[in-house]
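Q: using only what follows, build the 3D model:
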Amino acid sequence: MAEALLEEYLKDNVDLLRRFTPLMEKTQPRLSQAKDLLNTILSRGRLTPRYLNEALLLMAKVHYVQGRYRDAQGMCARLGLEELTQDDQPTYHLRMLAEAFVIKGS
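A: Have a look, this model is predicted:
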């Protein structure tokens with residue numbers, strides 16, 4: 001649900017992203033809802049490694065579009081991005097890893 005809200009929100013706000021305008025959760029309810037859902041998921045602490053990685057990747061993306069680049073990079077560092085295997089991963093997971101490497105490089 002969090003990912004769907006985030007992706008839908010980003011799709012609807014492509015113009016702001018192209019202008020490098022940080023997106024604020026205070027004025028954007030869907031972004032706020034996506035972030036709240038991710039925070040809830042991460043605070044539970046009962047995720048399998050795969051789902052924890054996905055939640056951290058999504059949270060990194062949220063921080064990145066908010067202009068909070070250090071926080072986004074911190075999520076990537078917490079994830080241990082370089083240590084994740086890319087062999088035999090579904091395309092969906094590889095896309096998320098590619099986005100994380102872009103975030104890490106910014």
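Q: which stretches of the protein form helices?
A: 2-12, 14-18, 29-44, 49-65, 69-79, 91-105 (DSSP state H).
Q: which stretch among the ones you listed is buried most, on average?
A: With neighbours taken as mean count of other Cβ atoms under 10 Å, the helices of the chain reach their highest mean count in helix 49-65, at a mean of 20. (Glycine included, C-beta is placed from N, CA and C.)
Q: name the helix or strand of the chain that has the lowest mean pLDDT.
A: Lowest by mean pLDDT, DSSP states H and E among the helices and strands of the chain is helix 14-18, with a mean of 79.
Q: please state the offset of it from the chain centre?
A: Helix 14-18 sits 17 Å away from the centroid of its parent chain (Cα atoms, centre = their mean, to the nearest Å).
Q: again, but for stretch 71-85
A: Using Cα atoms, centre = their mean, the offset of stretch 71-85 from its chain centre is 11 Å.
Q: who's in contact with it?
A: With Cβ atoms under 8 Å, 6 or more residues apart in numbering as the test, stretch 71-85 has contacts from 53, 56-57, 59-61, 63-64, 97, 100-101, 103-104, 106.
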